[in-house]
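> Take this sequence and fold it.
(6 chains)
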Protein chains: 6
Amino acid sequence: MFRILLLLSLFISTSHASDFCVADLKGVKNPAGYPCKSHVTVDDFVFSGFRAGNTSNAFKASLTPAFVDEFPGVNGLGFSAARLDLDVGGIIPMHSHPSGSELLIMVSGHITAGFIATDNSVFVKTLSKGDLMIFPQGLLHFQLNSGNRKATAFFSYSSTNPGAQLLDLALFGNNLDSVLVQKSTLLDPEQVKKLKGAFGGSY
Amino acid sequence: MFRILLLLSLFISTSHASDFCVADLKGVKNPAGYPCKSHVTVDDFVFSGFRAGNTSNAFKASLTPAFVDEFPGVNGLGFSAARLDLDVGGIIPMHSHPSGSELLIMVSGHITAGFIATDNSVFVKTLSKGDLMIFPQGLLHFQLNSGNRKATAFFSYSSTNPGAQLLDLALFGNNLDSVLVQKSTLLDPEQVKKLKGAFGGSY
Amino acid sequence: MFRILLLLSLFISTSHASDFCVADLKGVKNPAGYPCKSHVTVDDFVFSGFRAGNTSNAFKASLTPAFVDEFPGVNGLGFSAARLDLDVGGIIPMHSHPSGSELLIMVSGHITAGFIATDNSVFVKTLSKGDLMIFPQGLLHFQLNSGNRKATAFFSYSSTNPGAQLLDLALFGNNLDSVLVQKSTLLDPEQVKKLKGAFGGSY
Amino acid sequence: MFRILLLLSLFISTSHASDFCVADLKGVKNPAGYPCKSHVTVDDFVFSGFRAGNTSNAFKASLTPAFVDEFPGVNGLGFSAARLDLDVGGIIPMHSHPSGSELLIMVSGHITAGFIATDNSVFVKTLSKGDLMIFPQGLLHFQLNSGNRKATAFFSYSSTNPGAQLLDLALFGNNLDSVLVQKSTLLDPEQVKKLKGAFGGSY
Amino acid sequence: MFRILLLLSLFISTSHASDFCVADLKGVKNPAGYPCKSHVTVDDFVFSGFRAGNTSNAFKASLTPAFVDEFPGVNGLGFSAARLDLDVGGIIPMHSHPSGSELLIMVSGHITAGFIATDNSVFVKTLSKGDLMIFPQGLLHFQLNSGNRKATAFFSYSSTNPGAQLLDLALFGNNLDSVLVQKSTLLDPEQVKKLKGAFGGSY
Amino acid sequence: MFRILLLLSLFISTSHASDFCVADLKGVKNPAGYPCKSHVTVDDFVFSGFRAGNTSNAFKASLTPAFVDEFPGVNGLGFSAARLDLDVGGIIPMHSHPSGSELLIMVSGHITAGFIATDNSVFVKTLSKGDLMIFPQGLLHFQLNSGNRKATAFFSYSSTNPGAQLLDLALFGNNLDSVLVQKSTLLDPEQVKKLKGAFGGSY
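Here you go, the predicted structure:
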């Protein structure tokens, strides 16, 4: 038995690092992700940032990501997560995830969610506790608390960093020339001006 | 404006099917998954199988998959999910997922979970509501309700069909020759015989 | 020499089909694409749909795709193309490609193009003949003829079917409930009504 | 214990098909490979075509593939194999594998092998029993029995169907116009004519 | 509105870097490409190296790459480009791209192009302005100006660095032993000597 | 001809590094592997560690890996290899490879090998010289010398570092709490204690 032990130990001595590659966030990323951290503990595989309720009174919506920058253990594994808290009437406005698909897992409350496909068809559903809903990569979608109490859900993504492009911020929250915004969206100038004001974009 | 509408319509007419590919479960799979269903509705993207509590009194543990065979909308998207209900003392015994990594999302209760890496190091942690834990692809792991009330968690996977190999069933629940089991596991013959009996394997 | 010939012939007899897999468009797709056509000729690898100028007088913009549905030879090869013709002042409005990145190749004229990243930064440039510009997967972008004559460009994509989601059509050209549009975009009701009218969406 | 068995059985009932996907060679391929065979036995995972010595007296070289068309079990698994037998002085002439890299495993004898990189550097080595050598995807390479007895080796590939393009057959063994051959290779017309004759190409 | 802005800003603060990863060419590559540059501008996504006509009188053919080393913005995006200028009678001789497929886009003139598949079949076509032609990864191919004026085309590739192996340079432009060249190509010794002389290889 | 040479040289000057990426083992890995070594020779592509018989008298089994840490040339190429030597009665006990599938190539002797699928079916076969057998990724399997003389085989893997999880070492060769071992395996306490003793685990 002892000899077997020795043999096996020899064999496995080379096989460690392919199991996982916890991100060393101080290292430089390339298209495959972050460099691997050299010493890991169980805490590298556990994320506790969803424990505390992240919804304060000041906001009607709260989204807490556990992407690779918050949860280095997902580096190289092709998934990540987020927690959503929506007060009554709260909404995650129209947005898309350029780098991953999204899976919503309802924990409590009621959410009306929808996405629009590239053939312009619309997929909307009101979800209850225990429901799952898919939002395919790169498609515009939204989530609205349509119930009469707080709603909570988890998201998982098919990427360690799905990204998020929020429509209003992309159009109105930066220095994109207002004439270009109007021409490329066909919105009225007054509408563009109003929302640029609200979202802090230069006009 | 009308002319723009026409232009855009022309453009998008070719772009539909790459957004998603809901599985036609009656079709024949290949290594990339199932054929795409031709007509889809929002219900193809919603799964309600987690709604009803799946834990009966008869079992101390219950695991409900939403893999591609239960939830055809995930076909081609690289993720899937499952729901876990564990009564006090309930356990998901040692197993691995050959085709995907696992992300556990705690919803209620307390679970002590662990995995063993290929360098033989052990990663064990007791998890509370809101915690996430990673179980990398193909590694042996387990989850045990270590609290004093029912525990519930969701799993997401980095695959539409992660598979699951349960150690006891693999060793003792089939017709694998008992001598081969003994030689390949170094378990005592009496132990193999006892567990073959419990798990229905031929002896 | 003759014997070598025989040997080589034997060897290559099994190796054909991995070179390419021209789409049989009558077959059923799965996440990897279309089934392979059994007999191919050189015309399966050549696309002539860009030859004729596709810009008529009726439109100020014209976009001709050579995605897998138009050009079955790209099936499985991970790229595709399109041709863009823009009259003076013509524009391809704000849109994104959920399933692929875009590379613009300027052939004639001047185009002002831009995209917005997920950190909300803006990348805009006026391009001349011979310039290339990248538009990463899933990000909102636009192209405007900012010169004083017709502009022509080619696009290549990192996908056989990059898809295209045009913002105005997604928001205003379908049956997405107007209240949901307003809430999820923060646009004024009058603006939504006006554009729903222009793009044919139900109000 | 019995109840555990039931639970586990339920769980695994959905997880089968992702482990493997043995090719149904009568089905139609797509870019991901062949459809999965519905019933499999151990013989689907075993290939015995290398057992018999495939080297006859008539040939100085013999190459036996175990690609997906010969060995359907590799479908979807990303590897395949081949066996090489070379008599003294036998050679596998200059060729490349467009769809996979090659790993040579020497079993007996001596082989001088080489490849040329895209920066035009040359990598040549004489290999003995137990040596491995890598030939990266798509690069021209050759293997020559440089010893004084028969040489045998196995190849493994990073593809279920690496393909093989043999230089002489590609240039001289088909109906490629002789003037195009001359212009595109800069070979003398007499040389082209001579080899077209040897390899059966039309002149 | 202000509160929404704050919320959204929080959310997107983590999502930047997955959109793109412009190459830091001074960093060290790994199999996924170069490290990501930390600060980018629009000029990182624009390449102007095709603007100037790259065809001088001295050469009948000119090929200008925009691979990742010339155009760092393509890093991680899976495509790249090149520009081809061919004088009358000019040719890009027989070569292959080991790491990517090629898509030719004709801009002006006439080019006769062809490739040879691994089953030894030949695909040749004369292309005109606006035509596309595919050259699958790793297969030998050539392009010849068969018209009576200068021809220009663009290439896109399914790789950020497709590589290129030119047959004559690989065989005759290095120190590959002449006897090995003869044995592995079956060319006559005089032919090898002549071309080694022309291409600078050692004899 | 000379001018052609210059042209071609220019063209290939940018295309080198995509052919291969030999690992610089002193560099830091990320999920795609090791950084590329800057200067390579043919010896980077040759591995001679299988030459010497690695079977000593002291052990009945010997497994010599040529994974990326032993054979840096496989970095980024998606395969690796190992050599197996089994004395009469020797066995590689139950284990799995979390990160790659395995292909066994029999060189001499007789081996009885088997794996268990996730649907719990068993695939066992006795192999002879020249046989191949597949062991899909992540599934438990074993190899036993069932003949009456030494057996030798080679393995190739669909990964540069397939990893290996040996069942007995994972359960009994570390500090995993004995009660957790018992609960998660359903083994008797005495059995756990005995094997923890044999494999050096803490009890």
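> On the three-state scheme, the closest residue to A:Val181 other than its chain neighbours is what?
For A:Val181, the nearest residue in space outside its immediate sequence neighbours is A:Val192; the separation is 5.1 Å by Cβ to Cβ, 6 or more residues apart in numbering or on different chains. Where C-beta positions appear, they are placed from N, C-alpha and C, glycine not excepted. Secondary structure of A:Val192, reduced to three states by DSSP: H, G, I helix; E, B strand; the rest coil: helix.
> so what's A:Val192 up against?
A:Val192 makes contact with A:171-172, A:178, A:181-182, A:185, A:203, according to Cβ atoms under 8 Å, 6 or more residues apart in numbering or on different chains.
> at 6 Å what do you get?
Contact partners of A:Val192, counting by Cβ atoms under 6 Å, 6 or more residues apart in numbering or on different chains, are A:178, A:181-182.
> before we move on, what about A:Thr160?
Listed by Cβ under 6 Å, 6+ apart, the contact partners of A:Thr160 are A:68, A:74, A:80.
> repeat that for 10 Å
Shown in contact with A:Thr160 (Cβ atoms under 10 Å, 6 or more residues apart in numbering or on different chains): A:23, A:32-34, A:67-69, A:71-80, A:99-100, B:158, E:18, F:31.
> So A:Gly100 lies in a strand, does it not?
No - counting by three-state DSSP, A:Gly100 is not part of a strand but coil.
> Phi first, then psi, for it.
For A:Gly100, the backbone dihedrals (degrees, to the nearest 10) come out as phi -170, psi 160.
> who wins for neighbours among the contacts of A:Val192?
Of all these, the most densely surrounded is A:Val181 (25 neighbours; neighbours counted as other Cβ atoms under 10 Å in any protein chain shown).
> pLDDT wise, what is it at?
The confidence metric pLDDT takes the value 97 at A:Val181.
> doesn't A:Lys196 make contact with it?
Yes - with contact defined as Cβ atoms under 10 Å, A:Val181 counts as touching A:Lys196 (7.8 Å).
> Now do the shared contacts for those two.
A:171-172, A:174, A:203.
> Quick check on those: which are buried?
Buried by 16 or more other Cβ atoms under 10 Å in any protein chain shown: A:171-172, A:174, out of the shared contacts of A:Val181 and A:Lys196.
> And the strands in chain A?
Secondary structure of chain A (DSSP state E): strands located at A:46-47, A:61-66, A:80-86, A:91-96, A:102-108, A:111-116, A:122-127, A:132-135, A:141-145, A:151-157, A:165-166.
> can you redo the ones you listed as TSV with mean neighbour count, distance to chain B and mean pLDDT?
Putting the strands of chain A into TSV (neighbours: other Cβ atoms under 10 Å in any protein chain shown; distance: least, Cβ to the nearest Cβ, whole Å; pLDDT from 0 to 100) gives the following:
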stretch	mean neighbour count	distance to chain B	mean pLDDT
strand A:46-47	21	4	98
strand A:61-66	23	6	92
strand A:80-86	25	6	96
strand A:91-96	24	11	96
strand A:102-108	23	5	97
strand A:111-116	24	8	98
strand A:122-127	19	4	98
strand A:132-135	26	4	98
strand A:141-145	25	10	97
strand A:151-157	26	4	97
strand A:165-166	25	16	96
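> As a markdown table, the ones you listed with distance to E:Leu166 would be great.
A markdown table is the format used below for the strands of chain A (distance: least, Cβ to Cβ, whole Å):
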| stretch | distance to E:Leu166 |
| --- | --- |
| strand A:46-47 | 51 |
| strand A:61-66 | 48 |
| strand A:80-86 | 44 |
| strand A:91-96 | 43 |
| strand A:102-108 | 46 |
| strand A:111-116 | 48 |
| strand A:122-127 | 51 |
| strand A:132-135 | 47 |
| strand A:141-145 | 49 |
| strand A:151-157 | 44 |
| strand A:165-166 | 43 |
